[in-house]
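K.L.:
Output the structure for:
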Amino acid sequence: MKLMAKTRNIGISAHIDSGKTTLTERILYYCGEIHKIEDVRGGGDGAKMDHMELEKEKGITITSAATTVWWRGFEGKGTTFASGVEKDTRVNIIDTPGHVDFTVEVERSLRVLDGAILVLCSVSGVQSQSITVDRQMKRYRVPRLAFMNKMDRMGANPFKGRDALREKLGHNAVLMQIPIVAEDQFNGVVDLITKKAYYFDGDNGETVRIEDCPAELVDQMEECRSEMIDAVAEFDDEVMENYLEGNEPSEEDLHKCIKAGVNSLELTPVFMGSAFKNKGVQPLLEAVTRYLPSPLECEKPNAVRDTKEGDVKINLEPDPAANLVMMAFKITDEQFGQLTYTRIYQGTLNKGDTVYNTRTKKKTRIGRIVRMMSNDRANIDEAHAGDIIALVGIDCASGDTFVGNDEDLDISCEGIHVPIPVIELSINVKDKAEQAKLSKGLQRFMKEDPTFHVFTDEESGETRIAGMGELHLEIYVERLKREYGCNPEVGAPQVNYRETITTETPFDYTHKKQTGGSGQFGQVVGTLRPLTNDEKDSEDQVFKFHNQIKGGSIPNEFIGACEKGFEDVMDNGPLAAFPVINCEVFLQDGKYHDVDSSDMAFRIAARQAMRKAIKNANPAILEPFMKVEVTTPDEYQGTVIGDLSSRRGLIQGSETDPNGEVIINAEVPLSEMFGYSNDLRSFSAGKASYTMEFARYAEAPSNIAEAVMKERAEKLANDD
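P.N.:
Got it, this is the predicted structure:
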């Protein structure tokens, strides 16, 4: 329990190129895990956490990486580390990708973490992917700190960044520090709790020098400190009462209030620095150990117990003596077998133990447990509740739950949200000898990444891959070449269109078949209606089923068959055989026969009723719209906006950052965005950049819908 109290499981997440990996590299250095700092781009061996060759080449994080460090605090006056193991805190860190194409890496990391650092560029503030990451943190109720990075950059403004956190993300963001000068003169911070100035000396900022606040900053410091106390004191009634009576809170009182606010998800403390220039990282580490929860303090994770009465939620206790429950949240296939990243929620795991997979109901012996250090690993003999470790050589899928005895096989940890793919392309190899390599690689990638789909087109027989974007699929094609030695031919990207209904329609269908002896009989009556905008979830294919049967007109044992029958039709819409989304079925009445009714009869009845109802509900083609954020010099603003508009883009707005660059936000159909990177580079002389992520499905204009249906019909005819 003592070790668990001194453990922090944190993630580092942000918009692409905000400095997450650079920050992690400095944390490793200041904790003594590495002895040389490497940069993300250019020269050397690359950052420790970006261990894939593709990551080093492209300068981006593609896959999340886990590591463990020990933070021993700092004491200023030339002392890097404090003495005494009492201050030792074990920090398990997961560095996640920033590019939206690899968003599932962020999802599954946040699912198992107890806290997070939201990194923002102090120049750009809250960007498009910052919003996505924040939504993911809220989904899993992860307490977080904010770190304003790149304070040495021209236009750096932590006050603007704080305001953006409040206005764009709805955070109760409160500064914990103010800068000692900013931009190219940035050389330290003033802590608003201690009123002390922190400077970072030495070749790599490893020595923290603590002095009094510079005289010219005292007034600003006192003003910001007063605002900070006003904001945090409300998280402790006694502190607030004393403060209202004119008694200033002590340092310990403030720490207590801030921790309470962070853990309630109602406060986001804001820190600042420049990871690249080695400034401000150590105080952030201190804040991680002070304010983010340990496995004992965090909100208890839920699991689901399958009972005869249905699923029942249970809280998992972070107790090493309890029955073992752990979840595999990420898997990678390696030369010597599968590596399974695992979070232990309760109990103790020992090397040689036998555990049970609650999905497969099979038992597995644990042969090797390792603690990860990016791509390196250290063997350990046991791990306890609160640990994030990896298992070597076991066979399972991402999201599987393991328990310590077969009495708990009805338990499963709550799953990970997986976004739907929005783009697909065909892939094949000419040489049959390479077919086995291709198949092996695709099966591995699909097992590792739940957003990467592989399937065979039923009409054409060609192999197709689907994913979150062009870069996502491009990376996997490149990995096939490098890791499996095959040279696949790739077809043009294809958009994953969807179909939906636009009007409410009733249905009444009777399935009746008599063939001698027992026949088939089932009648279903109800209503099919489109979901309203408020009910739609832009990230999921939505189908809702409502059982409104009263009086036993359809017995309960056939209701499940009816639901399956309705769902059967959702995969192929009537217009162009695309999946149907955003509709709900109300089963309101029906009839059954004592002898002839069966699951199959009602499933067929529901299937036929759904087919007819969709055709009568004015079906429509939906196309995916992407949220696009373009950053461009002012001179190209008009060209960028004009180009986006020509792509049927909906301009949401624009703003100018402190560097004079314009940030343009728009929603653009995915079908119009292929090749945009080259076009943008061409007409902006390489000075503009953009990010893109899935926003929503929207009804396609009639001319686009007609073209899509015609192309689809021709394809199906040719395949026949």
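
K.L.:
need the helices for the stretch 551-700 of the chain, in chain order.
P.N.:
Assigned by DSSP state H, counting those that start in this stretch, the helices in the stretch 551-700 of the chain fall at 559-568, 599-616, 637-646, 676-683.

K.L.:
So which other helices or strands are in contact with the first one?
P.N.:
Other helices and strands packing on helix 559-568, by 3 or more Cβ pairs under 8 Å, 6 or more residues apart in numbering; DSSP states H and E, are strand 543-547, strand 583-591, helix 599-616. C-beta: built from backbone N, CA, C; applies to glycine.

K.L.:
got the CA positions of the second one in PDB?
P.N.:
Spelled out, that is strand 583-591. What follows is strand 583-591, C-alpha atoms only, in PDB (Å, rounded to 0.1, in the frame of the first residue of the first chain):
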ATOM      1  CA  CYS A 583     -31.900   5.400 -36.700                       C
ATOM      2  CA  GLU A 584     -33.900   3.700 -34.000                       C
ATOM      3  CA  VAL A 585     -36.600   1.000 -33.900                       C
ATOM      4  CA  PHE A 586     -39.600   0.900 -31.600                       C
ATOM      5  CA  LEU A 587     -41.000  -2.600 -31.400                       C
ATOM      6  CA  GLN A 588     -44.600  -1.900 -30.200                       C
ATOM      7  CA  ASP A 589     -46.700  -5.000 -31.000                       C
ATOM      8  CA  GLY A 590     -46.900  -8.300 -32.800                       C
ATOM      9  CA  LYS A 591     -48.200 -11.800 -32.700                       C
END
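
K.L.:
quick one, what contacts Leu267?
P.N.:
Applying Cβ atoms under 8 Å, 6 or more residues apart in numbering to Leu267 gives the contacts Asn172, Val174, Ala231, Val232, Phe235, Ile258, Gly261.

K.L.:
mind checking pLDDT for the fifth one?
P.N.:
Yep, that's Phe235 we're talking about. pLDDT, Phe235: 94.

K.L.:
OK, contacts around it?
P.N.:
Contacts of Phe235 by Cβ under 8 Å, 6+ apart are Cys257, Ile258, Ala260, Gly261, Ser264, Glu266, Leu267.

K.L.:
ok, now how distant is it from Leu267?
P.N.:
7 Å (Cβ to Cβ, to the nearest Å).

K.L.:
What is the burial count for Arg359?
P.N.:
Neighbourhood size, Arg359 [other Cβ atoms under 10 Å]: 15.

K.L.:
should've said Gln520
P.N.:
Gln520, neighbours per other Cβ under 10 Å, totals 18.

K.L.:
so it makes contact with Ala561?
P.N.:
No: using Cβ atoms under 8 Å, Gln520 is not in contact with Ala561; the gap is 11.9 Å.

K.L.:
so what sits against both of these two?
P.N.:
Residues touching both Gln520 and Ala561 (Cβ under 8 Å, 6+ apart): Met600.

K.L.:
Spell out the residue ranges of the strands in the stretch 101-250 of the chain.
P.N.:
115-121, 144-149, 173-175, 177-179, 188-191, 196-201, 207-212 (DSSP state E, counting those that start in this stretch).

K.L.:
Out of these, which is closest to Tyr497?
P.N.:
Between Tyr497 and the strands of the stretch 101-250 of the chain, the shortest gap by Cβ to Cβ is with strand 115-121, which sits at 34.4 Å.

K.L.:
mind listing what's buried in that closest one?
P.N.:
By neighbour count with 16 or more other Cβ atoms under 10 Å, strand 115-121 contains the buried residues Gly115, Ala116, Ile117, Leu118, Val119, Leu120, Cys121.

K.L.:
Leu175 and Arg166, how far apart?
P.N.:
On the measure of Cβ to Cβ, Leu175 and Arg166 end up 11 Å apart.

K.L.:
which one of those two has more residues nearby?
P.N.:
Neighbours were counted for Leu175 and for Arg166 using other Cβ under 10 Å; Leu175 has more, 22 against 15.

K.L.:
one step back: can you redo the strands of the stretch 101-250 of the chain as a markdown table with distance to Thr348?
P.N.:
Formatted as a markdown table, the strands of the stretch 101-250 of the chain follow (distance: least, Cβ to Cβ, whole Å):
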| stretch | distance to Thr348 |
| --- | --- |
| strand 115-121 | 23 |
| strand 144-149 | 29 |
| strand 173-175 | 39 |
| strand 177-179 | 40 |
| strand 188-191 | 39 |
| strand 196-201 | 40 |
| strand 207-212 | 37 |
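
K.L.:
Return the angle between stretch directions for whichever strand or helix holds Arg479 and helix 676-683.
P.N.:
Assigned by DSSP states H and E, Arg479 belongs to helix 470-484. Relative orientation of helix 470-484 versus helix 676-683 (axes from the mean of the first three to the mean of the last three Cα atoms, to 10 degrees): 110 degrees.

K.L.:
CA atoms only: put helix 470-484 into PDB for me.
P.N.:
What follows is helix 470-484, C-alpha atoms only, in PDB (Å, rounded to 0.1, in the frame of the first residue of the first chain):
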ATOM      1  CA  GLU A 470      -4.300   8.800 -45.300                       C
ATOM      2  CA  LEU A 471      -1.300   9.000 -42.900                       C
ATOM      3  CA  HIS A 472      -2.600   6.100 -40.800                       C
ATOM      4  CA  LEU A 473      -2.800   3.800 -43.800                       C
ATOM      5  CA  GLU A 474       0.400   5.100 -45.300                       C
ATOM      6  CA  ILE A 475       2.300   4.200 -42.200                       C
ATOM      7  CA  TYR A 476       1.100   0.600 -42.300                       C
ATOM      8  CA  VAL A 477       1.900   0.200 -46.000                       C
ATOM      9  CA  GLU A 478       5.400   1.500 -45.200                       C
ATOM     10  CA  ARG A 479       5.700  -1.000 -42.300                       C
ATOM     11  CA  LEU A 480       4.700  -3.800 -44.600                       C
ATOM     12  CA  LYS A 481       7.600  -2.900 -46.900                       C
ATOM     13  CA  ARG A 482      10.200  -2.600 -44.100                       C
ATOM     14  CA  GLU A 483       9.100  -5.200 -41.600                       C
ATOM     15  CA  TYR A 484       7.800  -7.900 -43.900                       C
END
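
K.L.:
And the next helix or strand past it?
P.N.:
Trace forward from helix 470-484 with DSSP H and E and the next one is strand 489-490.

K.L.:
Determine which residue lies closest to the centroid of this protein.
P.N.:
Glu107 (2.6 Å; Cα atoms, centre = their mean).

K.L.:
pLDDT score for it?
P.N.:
81.

K.L.:
Test my guess that it contacts Val418.
P.N.:
Yes: counting by Cβ under 8 Å, Glu107 touches Val418, with 7.1 Å between them.

K.L.:
Around Thr364, count how many other residues there are.
P.N.:
18.

K.L.:
what's the spacing between the residue nearest to it when sequence neighbours are not counted and Gly560?
P.N.:
Counting by Cβ to Cβ, 6 or more residues apart in numbering, the nearest residue to Thr364 once its immediate chain neighbours are dropped is Ile394, at 5.0 Å. As judged by Cβ to Cβ, Ile394 and Gly560 stand 33 Å apart.
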